[in-house]
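Asks: Dropping the sequence and predicted coords here.
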Amino acid sequence: MNELEQLAELIFPDITDTIDDLEKRYPQRNLPDNAIVARFAPSPTGFLHTGSLFATLIAWKFPHQTSGIFYTRLEDTDTKREIEGSGEELLKQLEAFGIMPDEGYMGSYEKGNYGPYKQSQRANIYKVVIKDFIKRGLAYPCFCSSESLNEMRKYQEEHKLNPGYYGEFAKCSYLSPKVAMERIKNHEPYVIRFRSTGNYQNKIKITDLIRGNLELAENDQHIVILKSDGLPTYHFAHLVDDHFMRTTHVTRGEEWLPSLPIHYELFEKAGWEKPKYAHLPVIMKLDNGNRRKLSKRKDPEAAVSYFLENGYPAQGILEYLITIANSNFEEWRLQNMNANIFDFTLSFDKMTLDGALFDLAKVKNICKERLARLNKDEFTKQAYEYALKYDDNLKALIKRDENYFKEIINIEREKDNPRKDYETFKDVYPIINFFYSDLYEKSLTNELPFNLERFDKATIIKVLNTYKDDMGLEYDEENWFNNLKNISEKCGFCSNVKEYKKNKEAYLGHVGDVSEMIRIAISTRKNTPNLYYVLKILGEKEVITRIDKVIDKLS
RNA sequence: GGCCAGCUGGUGAAGUGGUUAACACAUCGCCCUCUCAAGGCGACAUUCGCGGGUUCGAACCCCGUGCUGGCUACCA
């Protein structure tokens, strides 16, 4: 046994597996040539961020359009920042958006043959690789204290040198294995560092699927790969996990771009094939004229839960994110108004380079459009799912009589150019509650918004009485309206708005005023969906009851 | 400070040497209309961060510069 091997044995006496064993345990995936294997690898440090949802959507979509695999891996190596239970929550929220991993960490359990999928449970796998690295002289123990590291940094800053652990500053890289072994036996604390042979002066060519060809300085940092707590750092976990989980495409935030040379060197020294990289733009927010990352602390819309709680349709949010991801999506949507968003083919070369400013107005517009194009059954189903969790009032309405609810929701729906009056499911209850008699009666106790300056109570009562006697609900919409015009004339109102405007003195008002009186009487409000359909749904009997109540109230 | 990336209207953007600088959202007008939601039509960048240069011609090519963001941890 040579000295390096002795060192490796001293540090990892219990590790008996070899890299070959791992290669056998995690074989190449049997997939078509162009299949993409990508992953979502969150840290359990909080709830799902809108930016993470964006990244996940992309990591999920590419495998799905290439018969590949999308898996999840929990990056829980930073035990200090970990928030209990947030891993499970992350997965739950993803599910709310219909994004289901094919494999990996599923919250309460794991699925697939490339696990474990929680990094904290993979410690031995990392150690196998590190042991091998040590034997090959690619890694070594470092005994530098954080104080001496700080001093070194200070010195480097003062002398305008690049900060870090590299070259002559990588003191422990000069330690002989013998000395290192002695110090370990002396119980000196240490971490394991990677021995870089790169030169900062050299440029390496790298390719990013989104950004194209780039030149970055070669890595020369002897980065820590195993922390003193026995867990790996991100860089090393990335190397090992994405290799043995057979990831083909690494999609991650652009904040990782500067560390790409580290990853390149790691893969090269390991002798493994590099995955393809795509560094995604970060979603931004305008704050006092400056762009900044969407922040969970400052921006409610940064937390995905905000959208769920406020009844935004999941599909609408995803559609907005796809709009940001590939600008040609909007064009496609115009051609395919009713198609499923996932029928759109996402591509890396159409991906934007700079982080989009989050545009809530656009989100709302998209959601409104999407909600309008849901059929009544689908709408009701989704509304109920939302209501179950977040909206007791709405839940109660749907439960009372699902078919009645569907009838209301279906006003001017299921046609080419559907009504667009709901941006979110939260909007539903306040818009439709007057359809329900008890709720109608409740709002009847408030003052009704009749225009008493233009019309006295007697006129309103006369109009309501006249209408009540001849509602015309047996007719189709056009004839119903003609009937309403007749009633208007009978009551001294002009049946034609234009004509009325030419000759206001001749009339009390116009047919629109008559409609308004009826509308207010049966709904207590000035705005409702198409009056004809509202009347039809309420039915003659209910309409008469309501009108009588209002006449009573006015008398 | 160093390194990297990005910069086209309020927003997302198309555009790669010759376009009236697409399109969508927002905003504002007008039209239609029984209210609302829509729908229709139109307005909104004299100009592509800025300054030079190349060219008959530049948002697109070259040089310089500014700004914004990221990275520079035993965080991810």
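Replies: Sure, I can see it.
Asks: Would you tell me which residues of the stretch 301-450 of chain A are close to RNA strand B?
Replies: By the rule CB under 7 Å from any atom of the strand, the part of the stretch 301-450 of chain A lying against RNA strand B is A:323-324, A:327-328, A:330-331, A:334, A:350, A:352-357, A:359, A:361-362, A:365, A:368, A:412, A:417, A:419-421. Just so you know, the C-beta spots here come from the backbone N, C-alpha and C atoms, and that holds for glycine as well.
Asks: what do you get if the cut-off is 6 Å, keeping everything else the same?
Replies: A:323-324, A:327, A:330, A:352-354, A:356-357, A:359, A:361-362, A:365, A:417, A:419-421 (CB under 6 Å from any atom of the strand).
Asks: do the same with the stretch 151-300 of chain A
Replies: So far as CB under 6 Å from any atom of the strand goes, the stretch 151-300 of chain A lies against RNA strand B at A:160, A:163-164, A:189, A:191, A:211, A:214, A:216-217, A:224, A:227-228, A:233-234, A:254-255, A:257-259, A:290-293.
Asks: In helices, which of those fall?
Replies: If you go by DSSP state H, these have A:Tyr234 in helices.
Asks: which residue packs closest to A:Asn446, ignoring adjacent ones?
Replies: Distance criterion CB to CB, 6 or more residues apart in numbering; nearest residue to A:Asn446, sequence neighbours excluded, is A:Thr524 at 7.0 Å.
Asks: how about stretch A:122-135: buried residues?
Replies: Of the residues in stretch A:122-135, A:Arg122, A:Ile125, A:Tyr126, A:Lys127, A:Val128, A:Val129, A:Ile130, A:Lys131, A:Asp132, A:Phe133, A:Ile134, A:Lys135 count as buried by neighbour count, 16 or more other CB atoms under 10 Å.
Asks: can I assume the second one is in contact with A:Met245?
Replies: It refers to A:Ile125. No: when contacts are counted by CB atoms under 8 Å, A:Ile125 is not listed as touching A:Met245 (10.4 Å).
Asks: At which residues are the strands of the stretch 1-150 of chain A located?
Replies: Using DSSP state E, counting those that start in this stretch, the strands of the stretch 1-150 of chain A run over A:37-40, A:69-72, A:103-105, A:110-111, A:139-142.
Asks: cool, and the stretch 201-350 of chain A?
Replies: A:203-208, A:212-217, A:224-226, A:249-253, A:276-280, A:284-287, A:290-293.
Asks: quick one: strands adjacent to the second one?
Replies: What that stands for is strand A:212-217. strand A:203-208 (antiparallel) (DSSP bridges).
Asks: low-scoring pLDDT stretches of chain A, where are they?
Replies: A:288-289 (pLDDT under 70).
Asks: run the last query once more with 50
Replies: Nowhere does chain A drop to pLDDT under 50.
Asks: show me the residues around A:Met102 that make contact.
Replies: One thing to correct before we go on: residue A:102 is Asp, not Met. A:Pro63, A:Ile69, A:Phe70, A:Tyr71, A:Gly112 (CB atoms under 8 Å, 6 or more residues apart in numbering).
Asks: which residues touch the fourth one?
Replies: To tie it back to what came earlier, the one meant is A:Tyr71. Shown in contact with A:Tyr71 (CB under 8 Å, 6+ apart): A:Val37, A:Ala38, A:Arg39, A:Phe40, A:Pro101, A:Asp102, A:Glu103, A:Gly104, A:Gly112, A:Tyr114, A:Tyr117, A:Met245.
Asks: Assess the claim that the residue nearest to A:Asn446 and A:Lys442 are in contact.
Replies: No: contact criterion CB under 8 Å: A:Thr524 and A:Lys442 do not qualify, at 9.2 Å.
Asks: picking that back up, nearest to RNA strand B among the buried residues of stretch A:122-135?
Replies: Ranked by distance to RNA strand B (CB to the nearest atom of the strand), the buried residues of stretch A:122-135 are led by A:Tyr126 at 11.5 Å.
Asks: Ignoring the adjacent residues along the chain, who's closest to that closest one?
Replies: In space, and not counting its chain neighbours, A:Tyr126 is closest to A:Pro232: 4.5 Å by CB to CB, 6+ apart.
Asks: pretty sure that neighbour contacts A:Asp241?
Replies: No: assessed by CB under 8 Å, A:Pro232 is found out of contact with A:Asp241, at 9.1 Å.
Asks: Between these two, point out the one with more neighbours.
Replies: It is A:Pro232, of A:Pro232 and A:Asp241, that has more neighbours when counted by other CB atoms under 10 Å, with 25 against 21.
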